[in-house]
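Undergrad: Got a predicted model here, sequence first, then my questions.
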Amino acid sequence: MQLLWKARAMSLIEYTSIRTEDGQTVRARAPLVISASRRTDIPAFHADWFFARLAKGYLATVNPFNGARSYVSFERTRFVVFWSKNPRPLERYLPLLREKGIGCLVQYTLNDYEEDGLERVPELGFRLETFRQLSSELGRDAVVWRFDPLLLTKTVSVETLLARILALGDILKDWTKRLVFSFADIATYRKVRNNLARFGVAYREWSEEEMREFAKRLAELNRERSWNLELATCGEEVDLSAYGIGHGRCIDPELVARLASGDKDLLRGMGQGPALPGITPPPLSAARKDRGQRPSCGCMQAVDVGEYNTCPHLCRYCYANTSEKSVLANFAHHREHPEAPMLVWKGE
């Protein structure tokens, strides 16, 4: 019976043929869910490009491992997950998404490393106001607070991080329902090590004991300060369930379904319809996992449309940028071709 249900469900990612602007007919992925993006800050720097491509109906991406180009069609897109440290430019495009019947979720990384010089982002007050505006526009469920990564340095301790989260949590508790965090795993990422070393950041790795102490005290803050936030880690293997902290699914099928309630196409793609007599659909948590992500990532399947080395935030701990020189060169190239199919366009 379960197989029958799956046969009646749509796929999260299908394939179609599209005609490019220079007249070529090419094969393209046609996802229900777009991730924009884990590889760069599209809302902050590339919102105009993203929505220009949405109007064109397709875009192109490049595989970061082998350099192969592929195409993505928007013809089936029902939901977009935006990732950003400054989503203010996104606000003016929200009516367009509503017109197209496309739902969205904002994974908003709002850290406080201002005095440490670890991020090139707008000042904290501006980012807090952006958070409030988005929450008012989209709802508390649709704007997720991320403090990501939690980085330990010579001047930033566990106590420092908890104090900063306390100050932010007292404000953000009225504007969101979820806090997602991750512990900086520097040894795993060569780009991160190189970037931190290049800028002389005296970092250190987290011990599991420190992770558990942080989690315990964060859970206490959440309870004692009446934040009542859902606490979750991102891509972490450590089990913090003893403190009421779960393994997060940043592209979470249950949250996506709740935000896009009534979208039958999206729900079918997630295995939820139409109802058949005598058959119970699988739980939303069973939506297909994105195998392109890390083994510890719980996100459901989506297509990421960003490109590495294109984010001028130039955060010192960034895993997506190789060097400031390559980022600035790519960004300048993008500005010369602002509506090209790909962020760094080299022609068809």
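TA: Perfect, I can see it now. Numbering: from 1, shown residues only.
Undergrad: quick one, helices of this structure?
TA: All helices of the chain, identified by DSSP state H, fall at 2-8, 42-45, 47-56, 94-100, 124-138, 158-172, 190-198, 208-224, 253-259, 264-269, 324-336.
Undergrad: Who is Cys104 paired with across the strands?
TA: Going by DSSP bridges, Cys104 is paired in beta bridges with Val80.
Undergrad: residues contacting it?
TA: Applying CB atoms under 8 Å, 6 or more residues apart in numbering to Cys104 gives the contacts Phe79, Val80, Val81, Phe82, Leu94, Leu97, Leu138, Ala142, Leu259. Just so you know, the C-beta spots here come from the backbone N, C-alpha and C atoms, and that holds for glycine as well.
Undergrad: can you do 7 Å?
TA: Neighbouring residues of Cys104 by CB atoms under 7 Å, 6 or more residues apart in numbering: Phe79, Val80, Phe82, Leu97, Ala142.
Undergrad: Please identify the buried residues of stretch 283-297?
TA: Leu284, Ala287, Lys289, Asp290, Gln293, Cys297 (16 or more other CB atoms under 10 Å).
Undergrad: related to what we said a few turns ago, so which of the helices of the chain is nearest Ala184?
TA: helix 190-198 (7.5 Å; CB to CB).
Undergrad: Just the angle for the closest one relative to helix 324-336, thanks.
TA: 110 degrees (axes from the mean of the first three to the mean of the last three CA atoms, to 10 degrees).
Undergrad: Let's see helix 190-198 as PDB, backbone CA atoms only.
TA: The C-alpha trace of helix 190-198 is given here as PDB (Å, rounded to 0.1, in the frame of the first residue of the first chain):
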ATOM      1  CA  ARG A 190      40.300  23.800   4.400                       C
ATOM      2  CA  LYS A 191      38.800  27.100   3.100                       C
ATOM      3  CA  VAL A 192      37.800  28.100   6.600                       C
ATOM      4  CA  ARG A 193      41.200  27.300   8.000                       C
ATOM      5  CA  ASN A 194      42.900  29.300   5.300                       C
ATOM      6  CA  ASN A 195      40.600  32.300   5.700                       C
ATOM      7  CA  LEU A 196      41.000  32.400   9.400                       C
ATOM      8  CA  ALA A 197      44.800  32.100   9.100                       C
ATOM      9  CA  ARG A 198      45.000  34.700   6.400                       C
END
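Undergrad: And for that helix, what's in contact with it?
TA: Ile186, Tyr203, Arg316, Tyr317, Cys318, Tyr319, Asn321, Thr322.
Undergrad: what number of residues lie near the first one?
TA: Same thing as Ile186. Counted with other CB atoms under 10 Å, the neighbours of Ile186 add up to 22.
Undergrad: what do you get for the third one?
TA: With neighbours defined by other CB under 10 Å, the count for Arg316 comes to 21.
Undergrad: What residues does it make contact with?
TA: By CB under 7 Å, 6+ apart, the contact set of Arg316 is Leu118, Asn195, Leu196, Phe199, Val201.
Undergrad: Also the fourth one?
TA: Under the criterion of CB under 7 Å, 6+ apart, the contact list for Tyr317 reads Leu118, Pro149, Leu151, Ala184, Val192, Asn195, Leu196.
Undergrad: Just give the nearest non-adjacent residue to the fourth one, would you?
TA: With sequence-adjacent residues excluded and distances taken as CB to CB, 6 or more residues apart in numbering, Ala184 is closest to Pro149, at 3.9 Å.
Undergrad: What pLDDT does the model give the one you found?
TA: Note on Pro149: pLDDT of 97.
Undergrad: got the contact list for it?
TA: Contacts were defined as CB under 7 Å, 6+ apart; by that measure Pro149 touches Ser182, Phe183, Ala184, Tyr317.
Undergrad: Nearest residue to the second one in space, ignoring adjacent ones along the chain?
TA: Excluding its sequence neighbours, the residue lying closest to Phe183 (CB to CB, 6+ apart) is Trp206, at 4.4 Å.
Undergrad: how far away is the one you found from Ala167?
TA: 21 Å (CB to CB, to the nearest Å).
Undergrad: before we move on, back to that, TSV please, covering the contacts of Tyr317 and showing distance to Met342.
TA: Formatted as TSV, the contacts of Tyr317 follow (distance: CB to CB, whole Å):
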residue	distance to Met342
Leu118	29
Pro149	28
Leu151	31
Ala184	30
Val192	25
Asn195	24
Leu196	29
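Undergrad: tell me which of the residues you listed is nearest to Pro31?
TA: For these, the nearest to Pro31 is Pro149 (27.1 Å; CB to CB).
Undergrad: Against Pro295, how distant is that closest one?
TA: Distance from Pro149 to Pro295, counting by CB to CB: 18 Å.
Undergrad: Same check on Ile251?
TA: Ile251 is 16 Å from Pro295, by CB to CB.
Undergrad: Check Arg258 too.
TA: Distance of Arg258 to Pro295, given as CB to CB: 26 Å.
Undergrad: go on, Glu119?
TA: Glu119 is 28 Å from Pro295, by CB to CB.
Undergrad: List the contacts of the residue nearest to Tyr189 when sequence neighbours are not counted.
TA: Residue nearest to Tyr189 in three dimensions, not counting chain neighbours: Tyr319, with 4.8 Å by CB to CB, 6+ apart. Contact analysis of Tyr319 by CB under 7 Å, 6+ apart lists Tyr189, Lys191, Val192.
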